[in-house]
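Undergrad: just need the structure, nothing else, for what follows:
(chains A and B)
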Amino acid sequence: MAAFHNEILIDASADEVWAVVAAAERQAEWFPGMVSSTVDGDIRTIGTAAGGFMVEQILLVDNDRRRFEYTITGPLQFEHHLGSIQVEPHGGGARVVYGQDLRPESLTYVLRAATGDALTGLKELVENGTTSRGYTGPAQGEGD
Amino acid sequence: MGRRILFVTTDQQRYDALGCNGGRIARTPVIDGLAAQGLRYERAHPQNVVCMPSRATILTGQHVRRHGVWMNGVPLPADAPTVAGVLHEAGYRTGLFGKAHFEPFLDPFLRFPENRMGVTRATAEDGRPHRGFEHMEFAGHGAAGLVHYGGWLREHHPEHMAGFYPVLDMTLEVSAEGGGDTGAPQVRHNPVPRDVYHTDWVADRAIAWLAGIGGNEDWFCWLSFPDPHHPWNPPASELHRVPWRDLDLPDGYPVDAAEREAILDAKGAHWRRWYDGNLVSNYEVPARWVPSTLTPDQVREVNAMAHIQNELVDDALGRVLATIEGRGWGDDLDVVFTTDHGEFQGDFGLLFKGPYHVDALMRLPLVWRPAPSSAVPADVVTTPVGLLDLAPTFCRIAGIEVPGWMDGLPLPLSDDAGGVHGRRGVLTEWDSVHPNGTEVHLQSVFLDDLLYTRYEAGTCHDGTEGELYDLAEDPLQRVNLWSDPERRSIRDDLGTALEDALPERSQPVLMAESPV
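TA: Sure, this is the predicted structure:
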């Protein structure tokens, strides 16, 4: 089992940041290299810039604790995967921690780097309204 | 108008792959002919035995700890100086065809320019040279991957994509699935026609690029064949070239299991632990494959497949050389042929590569046919050299002063010249941190026929162990002299030579951003 987390400070209230994170279908707006994210019930399907996709099951959207959890269910065959995003107040702004546990460990370094990029993308979106690289907008995204 | 440079690399090729190096299986008349006309190096070592660090050394002329790409998955910094950039600045046209791998392959979010170029089939980075190359077209190890070849295959020959062995499994680990006639890992009979296979594609793309070069222009063309790196799945139409059942077992394969295991036990602990399936230290080997299950017939079949791939590379190189001759460039053409690192191919009962500093992975083919117009006499050079010497050599060929940021020296034209440079052996390093927590760190020096490797403390070693081989009396490196009291002073001297030669590590230490 491999486990890691990245974190970032954002100059906005925890509630503002959480509103973006909790809207699961908006992930492609702030995750560089993710071109689409669509949600059907508790299933989120993301399209990657490389032309692939991942299917995720949303496990938790806890508005009280501002905590989001999901697991990748396909087409990659993890024995175990848990992704989590925790938003909490920090000074006058917010602290966001993006963690992943996975086995096998093959994607550890890829996800560590990509979620680091994603936190920067979240900060850019919340603070400046800038969407991330590769984001194709809801029209294209919903059609994927 | 100066000397043109055709730089040819294979991937994961052994020294004994070539006829000119004593190889008895693959027929490599084109490379053998270059060696006969030029310089054949008997002791060329990589500075790291996996692709990305080694290729970064080739491109920069720097030791691994200077360019910072300390294992696969660590991208070469975007602003790293490169020999291609130096040549391009000097007016050379620059192209790379085949495998680059200066940036990670496994990249679902397209974080790296090479992969963005591959997916979009762009030949430059947003219209600009990438790492000094004005034109790049990439191929990897099969139909998959974010490379130009994959897109071309999908567009023109989608029916052949499924014939290739998928290198990674559904967990994105290197696949252990067996195939071929013997069930050997990473082997498959591939129905793809030969002219659709990536070896010929790489040659075709280079030929197309050269066709657009003006007759009076200088150029540097890196022809980078992905073979004979696994998967071992050459076109099935070519299997007749080397029938595996006819092969003798390689000299490096101890047939008797007890003898094999005793040899491994005398090396560092990580050797036997991997062999027994009790250690996964590096991503480059199938995590679910246990080397002790390797059979003699599987060794034969893997060798046959690799040598078929070697022959196809030789054929393809011949086509490119014929094109160059046809353009009238031959007299001013330098050809340098080598690879990035070696392959066990059955030595010690192992396949693939990893933290194992022995000839299987470190002794590389290296041939330099200087331009006939330079009138350099043919020779065989035994002075140890490294892949870090290639970039300075290209500068020397082009008549450019070797930049101070290159660690290597221009390749010697003879053993006498090697002595003049005051070379003190050649260094190779290994560092790996697997996400499962396993850490291995090795540093080696090859000097005066002695191969010294020290292990730094990691999860397999306490920092006191190592390996010492006297290749004059033990060319197969079966007797580890590390603990021999009679060799203690030699061991200490080599340790001092290594310490003196290792440069400082660049800071900050770069992050792995992918497993490969």
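Undergrad: and the nearest residue to B:Gly463 once chain neighbours are set aside, which of the three is it?
TA: Of all residues not flanking B:Gly463 in the chain, B:Ala457 sits nearest, at 3.6 Å (CB to CB, 6 or more residues apart in numbering or on different chains). The way it works is simple: take the backbone N, C-alpha and C, and place the C-beta from them, glycine included. Using DSSP: H, G, I helix; E, B strand; the rest coil, the three-state assignment for B:Ala457 comes out as coil.
Undergrad: torsion angles phi and psi at B:Ala457?
TA: Backbone dihedrals for B:Ala457, given as degrees, to the nearest 10, come out at phi -60, psi 130.
Undergrad: tell me the pLDDT at it?
TA: As summarised for this prediction, B:Ala457 has a pLDDT of 96.
Undergrad: now it: how far from B:Ala304?
TA: In this view, B:Ala457 and B:Ala304 are 41 Å apart by CB to CB, to the nearest Å.
Undergrad: just the helices in chain B please.
TA: For chain B, the helices identified by DSSP state H occupy B:29-37, B:51-60, B:64-67, B:83-89, B:113-120, B:148-156, B:198-211, B:257-265, B:269-275, B:296-326, B:359-362, B:390-398, B:415-420, B:488-501, in order along the chain.
Undergrad: rank those by pLDDT, which is bottom?
TA: For those, the stretch scoring lowest in mean pLDDT is helix B:415-420; its value is a mean of 74.
Undergrad: next up, the contacts around residue 96.
TA: The chain I'm using is chain A. A:7-10, A:17, A:21, A:85-87, A:119, A:122 (CB atoms under 8 Å, 6 or more residues apart in numbering or on different chains).
Undergrad: switch to chain B, that's the one I care about
TA: Each residue near B:Leu96 by CB under 8 Å, 6+ apart is listed here: B:84, B:133, B:135-137, B:221-222, B:224.
Undergrad: buried ones in the longest helix seen in chain A?
TA: Looking across chain A with DSSP H, the single longest helix is helix A:108-128. For helix A:108-128, the neighbour count (16 or more other CB atoms under 10 Å in any protein chain shown) marks A:108-119, A:121-126 as buried.
Undergrad: please list the residues of chain A that sit near chain B.
TA: Taking CB under 8 Å from any CB of the partner chain as the measure of proximity, chain A contacts chain B at A:2, A:31-34, A:48-52, A:54, A:75-79, A:104-110, A:112-114, A:117, A:134.
Undergrad: sorry, back to before: most neighbours per residue, which of the helices of chain B?
TA: Per-stretch averages of neighbours, counted by mean count of other CB atoms under 10 Å in any protein chain shown, single out helix B:51-60 among the helices of chain B, with a mean of 27.
Undergrad: please save the CA atoms from that helix in CSV.
TA: Once non-C-alpha atoms are left out, helix B:51-60 reads as follows in CSV (Å, rounded to 0.1, in the frame of the first residue of the first chain):
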residue,chain,number,x,y,z
CYS,B,51,16.4,4.3,-19.9
MET,B,52,15.6,7.8,-18.6
PRO,B,53,18.7,8.5,-16.6
SER,B,54,20.9,6.9,-19.3
ARG,B,55,19.2,8.9,-22.1
ALA,B,56,19.5,12.1,-20.1
THR,B,57,23.2,11.4,-19.8
ILE,B,58,23.5,10.8,-23.6
LEU,B,59,21.7,14.1,-24.3
THR,B,60,23.5,16.3,-21.7
